[in-house]
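K.L.:
Next comes the sequence, and after it the predicted model I'd like to discuss.
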Amino acid sequence: MRRATAMRGSGRGAAHILDTESPLKRFLRRNLVGLAGLCVIGLAAALAAALATWSVTDPSLNHATDGPVRNALGTPGAIIADMLMQSIGLATSVFLVPVVLWGWRLIAGKPLRIAGRRILFWFSGTLLASGAVAALPVPESWPLPTGLGGFLGDAVHYLPGRLTEAMAPGTAMIIGAIGLGLPAVLLLIAAGGWFGRARAEDDDLPLPKQAKGRRGQPVQQQMFDDEDEDDADDTSRFSALLGAFAHWRLQATSSLQRVTGVGQRSRAPREPDEDDYDVEMEDPDLEPAPRRRGFGALGRGLVSRLMPGEDDDGLDELYPAQGGGRREPARQGGRDVARETGRDPEREASRSLARHPATGPRIGGGRHDEVYEDDDDTGLDPDHDAAAYERDLDDDSYGYDEPPFDLDDEDEADARLARGRDGRLAGDGMAAERAPLDRAPLPRPVGIAGPAAAPSRGPAARAGGGQPAQPVVPQGGARVVPQAARPQPGKRLQQEAQSSLLGAPDVYELPPLRLLAEPRPAGKTPGLSPDALEQNARILEGVLEDFGVRGEIIEVRPGPVVTLYELEPAPGIKSSRVIGLADDIARSMSAISARVAVIPGKNAIGIELPNQKRETVYLRELLAAQDFEKSKHKLAMALGKTINGESVIADLARMPHLLVAGTTGSGKSVSINTMILSLLYRLTPDQCKMIMIDPKMLELSIYDGIPHLLTPVVTDPKKAVVALKWTVREMEERYKKMSKMGVRNIDGYNTRVKQALEKGESFSRTVQTGFDRDTGQPIYEEEDLPLEPMPYIVVIVDEMADLMMVAGKDIEGAIQRLAQMARAAGIHIIMATQRPSVDVITGTIKANFPTRISFQVTSKIDSRTILGEQGAEQLLGMGDMLYMAGGGRIQRVHGPFVADEEVEQIVAHLKLQGSPQYLEAVTEEEDMSENPYDAVSGGDEGNDLYDKAVAVVLRDKKVSTSYVQRRLGIGYNRAASLIERMEKEGLISPANHAGKREILVKNGVDEDY
């Protein structure tokens, strides 16, 4: 009794000394470690959010962009996330595991030494993890140039990769991933401090034996002895762990008792108060040992909310109650026992426990020394109160239906501590209730995902704030428009298959379709599945967003050669910005080329990417189709198929002239052959005549001898000029005939002739034949007009550049005149060149050729020269073309293929149908004595102009081309021709060294002019 009183007095004295410190300082000191743990976990969570919302489009130390920052932490988070992703890649998913474990230990009030060994383990484990990830195969859409483990992972995996490079790829990958992954996991676990807890479990000793021989020491001496022990001491570590968990559970039970007393689930931490097991010494000679093994107030408050209702059986024997500590009222039937009886349940329980002295070590001892109270101090029955308090502690419900969270026990010693005197495990019923929660996974954070095949920047991904694990199409994503079905065959194939036995040898027979190669069956045509196309659309969206272009792929149109992705850009995105990214898109998509253009009539931009396997377009398929057979075009030509696989049938009569350009090997000559064959398969020699000019003597010479030609294939550039001038004269003659007939074009003329022949009528015209010598009046005669239909004339020039070098001015003048006036006369020009420069395709020629076709060219400048915009340099060649019809609308077309053997067979068939009727006048040289411009502008007009020029020279005594040009208001070429004619006729002298000429006409000769 005296001993207990003395010890109680000693404890009060100590309490008086310890209570001199400010309560606020005491509260801050207790919760500083817990707050630090929360800060560490918060920092880890912020870094995890930055990594989860990482995007290659965000600005970083090596990438600048004007686009918005999509990282959850803004620009700092984007920079940090980019550095980590480039350094260790996907190993960032395990990079933060030790940091989270450190934060949890701080919240729990457990000791944490950030020693060099843990930092080394953390760094080494991260490196090995990045190397293990680097062993995995890299998907094609991985946005970084390094492997999945960053450049550090590539460096770590370099040596294992070299050692296993002789093995099979799958075996090498498994060996590299496992060989580097397992050590990485062990090192990261060691860095988090897991192995230290495991050693405490292994060294578990019976609690009475551990505490034997220490009861006799003062509480403060026991506390300082325990705190000063080295961490390597396994017994001390285990004892500290037992004390920490016992304290944790006791505080959780007390807190839940108060919560159920008010009927609410209070989630606020407990108010700071005197702790039953905290000792604070103010002795200047003794520094208080840090609380490394117990939960702080903040940690206990948090854990008490997470694990309510656990049984505390068995704790009574381990921890005696401390006098003067905070008193938690016991509850019976929802009432406070202390309030009804005036007794302190904890003190009564301590009296009961005094009969069974504590044998465990006292970690972080109480505010007083160990007290042994006598039962007579209060006059109460300790057995009754202790039993009531113990029954109250056995209540597991505490007003909760089931625990709100499921926490894994960090140590099995907790279960042994909770085991009571009766041998049962405390909280068994609660563990059974938590079993379903153990199987239910916690919800994953929004926006956290694995590596994507390509960054998806569609609306669904942007709404989630993250990148999906693999490219998936959200609801309402890209719609794959199926490729157009093959053209339906017409009746011509059936008619040719059912050949008549009664042949008509005198009737011209069009070439049969069997001479052309048959198309490949539809089942063997290569193509991509809709899923693959949708995946490509998502990848393309990611590529565009990498370059700061936001939008959505709304439609995908696969074709025989390329696939069109229709991009609907976000508001504020300029079309020119997307078009300028064609080369970058091709590089990012690993494509040969990419063409980007605005789709007319839609709020979309078309991105054309080539297919991995091209589908060949066959001419037979187009010529045998109903579209070509039932077409009402006068000069129908099968140009090819569109991107979506639809046939393109053009009318040369409506164009009315066609300009074709493309480099060598782009398919230009093959396209010219398909145009010629389209006309030959549809029109007879009486309906269409041709003049072929081939300065290269290679491409069109194969057609020499077919009945459609007006003259043999012209290969001499000088004769080509003559042929063009004859075409001009023929155009003028046709205009005269149509004017006499009173019609406006060749179709009206042929219709009138046909009607006249059916009715037996004849047409005549009045022609002046001379003058009457007596009266001087003109003499007229009636001339009968031949009732013959005029055929179409198609002039085909295969290489314009060669002609422009020989006689550029004459060629340009003749072509200009034909292009302006020849349409109504039924004369049409197809002009091709492989050098689309401004000196070949002049402004005059471009202005008169509204319809143009461009094959692959070498530069954007050539594309702008032929089409007026870029894009032709992105074509694929081999028949891939851009067709610009009248009005400037450009359409991508894939031309059909025709082999030389097919052309030879068709030409052989045509030669059997008849011989050509050549006109010698087409290539006949003109008399040099005549005005060279008579063929262009008419003889009478040329003579009058020459007379005026001579009169100007003789009157003004000035001889120069520019002077004649200025005075007569004519072109420079025509003025130069007039000066040359004067020189040949002896009117002026040749130019001297200074370019001057002298007038050689004698006096009086000018009177003749």
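P.N.:
Nice, thanks for sending it over.

K.L.:
isn't residue 633 right next to residue 648, touching?
P.N.:
No - Residue 633 lies out of contact with residue 648 (Cβ atoms under 8 Å); the separation is 11.9 Å. From N, CA and C alone the C-beta is placed, and that goes for glycine too.

K.L.:
Have a look at those two and say which one is more surrounded.
P.N.:
A count of neighbours by other Cβ atoms under 10 Å puts residue 648 above the other of residue 633 and residue 648, at 21 against 15.

K.L.:
what helix or strand does that one sit in?
P.N.:
In the assignment (DSSP states H and E), residue 648 maps to strand 647-651.

K.L.:
Would you tell me what the next helix or strand after that strand is?
P.N.:
Using DSSP H and E, the helix or strand that directly follows strand 647-651 along the chain is strand 658-661.

K.L.:
buried set for that next one?
P.N.:
Along strand 658-661, the positions that meet the burial threshold by neighbour count (16 or more other Cβ atoms under 10 Å) are 658, 659, 660, 661.

K.L.:
Pick the one among these closest to residue 696.
P.N.:
Minimum separation from residue 696 among the buried residues of strand 658-661 (Cβ to Cβ) is found for residue 660, which lies at 14.3 Å.

K.L.:
okay, now residue 839: neighbour count?
P.N.:
Counted with other Cβ under 10 Å, the burial measure for residue 839 works out to 10 neighbours.

K.L.:
what does residue 864 give?
P.N.:
Using other Cβ under 10 Å: residue 864 sits among 16 other residues.

K.L.:
contact partners of the helix or strand that it is a member of?
P.N.:
Using DSSP H and E, residue 864 maps to helix 860-867. Residues external to helix 860-867 that are found in contact with it (Cβ atoms under 8 Å, 6 or more residues apart in numbering): 659, 661, 836-838, 841, 852, 854, 857, 869-873, 882, 884, 890.

K.L.:
residues in contact with residue 767?
P.N.:
Applying Cβ under 8 Å, 6+ apart, one finds that residue 767 lies in contact with 780, 781, 782, 783.

K.L.:
Which two of the residues you listed have the greatest separation?
P.N.:
Greatest spacing in these, by Cβ to Cβ: 780 and 783 (9.7 Å).

K.L.:
Going by neighbour count, list what's buried in the helix holding residue 864.
P.N.:
Judged by neighbour count (16+ other Cβ under 10 Å), helix 860-867 contains these buried residues: 862, 863, 864, 865, 866, 867.

K.L.:
Return the member of these nearest to residue 975.
P.N.:
residue 865 (29.1 Å).

K.L.:
Tell me the pLDDT of that closest one.
P.N.:
In the prediction, the pLDDT value recorded for residue 865 is 90.

K.L.:
thinking again about what came up before, of the contacts of residue 767, which is the most crowded?
P.N.:
By neighbour count, taken as other Cβ under 10 Å, the most surrounded of those turns out to be residue 783 (13 neighbours).

K.L.:
Kindly report the domain assignment for the chain.
P.N.:
For the chain, whose domains are defined here by automatic domain parsing, the residue ranges read 53-192, 219-439, 662-672+692-921, 927-1008.

K.L.:
Least confident of those, on average?
P.N.:
Across these, domain 219-439 has the smallest mean pLDDT, namely a mean of 44.
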